[in-house]
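Asker: sequence and predicted model, in that order:
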Amino acid sequence: MKKDQVTITDLARELNVSPSTVSRALNNSPFISEERKKVILELAKKMNYSPNQLALSLLNKRTKILGVVVPEITSYYFSTAINGIQDKVGSSGYKLMISQSNESFEEEIRLMEAMALVRVDGFLISPSSNTLNYDHFEKIKDSGFPLVIFDRDCVGLEADKVVVDDYSGAFQAVEYLIQTGCQRIAHITGSTNLSTTQHRRKGYLDALQNNNFPILEDLIVIGDDSSSESGVACMQKLLDLRQIPDAVFCYNDAIAIGAMSVIRERGIEIPDQISLVGFDDEPYSSYFKPSLTSVWQPIYDLGLLSAKILLDNLEMEKENPNYRFEVLKPELVIRESSRKII
């Protein structure tokens, strides 16, 4: 059976003093003698007294809890971002309430409503791939909750945002493939709803156009999602073309790994016959044979900065009309799956 929590009233009854005297002593009031403070603190320790956090949060109008909603928790990308968030907020005394939407718009709304009911102090959200309507974000803002959108942009929504320059990362990758002598550069995309997908595709297209390469629609294959299975299906389509590509820029590393398995099954040499580039630079990428060339993203810093902006807003205790839009820079990490520059 769960024991009742020791209260200030219980301590006061034991010492035959008023609850207000105990409260002042526990809060190190200068109006209580050091001798009495010592007696009260020793009893509190002996009786395993701990403050009622709910009562304190109601008194301070703060729960010291931040709501975090991401598409998935177990992936390297989002777990690393959450580490950055945790490291930033932990030193400020905040706790995280973390949930995953599983790329569901409806689940994202449900989770945010549940978090609002328990009065989290603010939200850090990476929208689902199916989030095309932002009314729930507007509702949260109108209710007075600070909100930071990270990783995936919500175009048209006025809010603080922290993203990575996906366009620049894709442009770097494709221009590098061109410099290595590749002529037929394919692209396997992710979900078309995502801003990250759109920006990476734009970087791919602009890199080709800036180098006077033709845009060949049969070399652009749209994936159902961002999984290795999608990479397998899309790569099979590319290898069934009459003239196969000599390079493939993939939306992420998971897709690239799926593509790599198909290329090797067909007996095609990487990178001699096909160069392969991913995006995210996940830890396993360097352990494949051949190791995967990929675009590194500052994911930890993404989480860290997102949390800092939210904490800054909470400290201001008033609405900031000047929303921040922070863009972090990625870097191309060259490994064995792509040719050397000729």
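Answerer: Yep, it's here. Residues are numbered from 1 along each chain as shown.

Asker: if I look at Leu117, how far off is Gly67?
Answerer: Counting by Cβ to Cβ, to the nearest Å, the gap from Leu117 to Gly67 is 11 Å. C-beta here means a position set from N, CA and C on the backbone, and glycine is covered the same way.

Asker: what of Leu96?
Answerer: Between Leu96 and Gly67 the computed distance is 8 Å (Cβ to Cβ).

Asker: that older thread, neighbour count winner among Leu117 and Gly67?
Answerer: Remark: of Leu117 and Gly67, Gly67 carries more neighbours, 24 against 8, as counted by other Cβ atoms under 10 Å.

Asker: am I right that the more buried one falls within a strand?
Answerer: Yes - assessed with DSSP: H, G, I helix; E, B strand; the rest coil, Gly67 lies in a strand.

Asker: please name the bridge partners of it.
Answerer: Met97, Phe123 (DSSP bridges).

Asker: can you give me the strands in the stretch 1-150 of the chain?
Answerer: Under the criterion DSSP state E, counting those that start in this stretch, the stretch 1-150 of the chain carries strands at the ranges 65-70, 95-100, 122-125, 147-150.

Asker: Glu42: which of those strands is closest?
Answerer: Set against Glu42 and scored by Cβ to Cβ, these come closest in strand 95-100, at 28.7 Å.

Asker: list the buried residues of that closest one.
Answerer: Buried positions in strand 95-100, judged by neighbour count with 16 or more other Cβ atoms under 10 Å: 96-100.

Asker: likewise stretch 255-270?
Answerer: Of the residues in stretch 255-270, those buried by neighbour count under the rule 16+ other Cβ under 10 Å are 255-260, 262-263, 270.

Asker: now it: how far from the chain's centre is it?
Answerer: With Cα atoms, centre = their mean, to the nearest Å as the basis, the distance from the averaged C-alpha position of stretch 255-270 to the chain average is 29 Å.

Asker: which residues are contacting that stretch?
Answerer: 188, 190, 223, 226-236, 239, 244, 248, 250, 274, 276-279, 284-285, 288, 290, 292, 294, 337 (Cβ atoms under 8 Å, 6 or more residues apart in numbering).

Asker: and those, which are buried?
Answerer: Neighbour-count burial (16+ other Cβ under 10 Å) is assigned, among the contacts of stretch 255-270, to 188, 190, 223, 226-228, 230-235, 239, 244, 248, 250, 274, 276-279, 285, 288, 292, 294, 337.

Asker: if we can go back for a sec, could the buried residues of strand 95-100 go into a markdown table alongside distance to Pro127 and pLDDT?
Answerer: As requested, the buried residues of strand 95-100 are arranged in a markdown table below (distance: Cβ to Cβ, whole Å; pLDDT from 0 to 100):
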| residue | distance to Pro127 | pLDDT |
| --- | --- | --- |
| Leu96 | 18 | 96 |
| Met97 | 17 | 96 |
| Ile98 | 15 | 97 |
| Ser99 | 13 | 97 |
| Gln100 | 12 | 96 |
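
Asker: from these, pick the one nearest Arg324.
Answerer: Nearest to Arg324 among these: Leu96, at 20.9 Å, using Cβ to Cβ.

Asker: what's the pLDDT at Lys46?
Answerer: At Lys46, the model reports a pLDDT of 87.

Asker: from Asp153, how far off is it?
Answerer: In this structure, Lys46 lies at 55 Å from Asp153, with Cβ to Cβ as the measure.

Asker: more neighbours, those two?
Answerer: Counting neighbours by other Cβ under 10 Å for Lys46 and for Asp153 shows that Asp153 has the greater number, 21 against 11.

Asker: now do the SS call for the more buried one.
Answerer: Reduced to three states with three-state DSSP, the structure at Asp153 is coil.

Asker: isn't it right up against Asp160?
Answerer: No - counting by Cβ atoms under 8 Å, no contact exists between Asp153 and Asp160, whose distance comes to 11.7 Å.

Asker: joint contacts of the two?
Answerer: Going by Cβ under 8 Å, 6+ apart, no residue sits against Asp153 while also sitting against Asp160.

Asker: so Leu332 touches Gln172, yeah?
Answerer: Yes - taking contact to mean Cβ under 8 Å, the distance of 4.6 Å between Leu332 and Gln172 places them in contact.

Asker: which neighbours do the two share?
Answerer: Counting by Cβ under 8 Å, 6+ apart, the residues touching both Leu332 and Gln172 are Val295.

Asker: which residues touch Val327?
Answerer: By Cβ under 8 Å, 6+ apart, Val327 lies in contact with 163-165.
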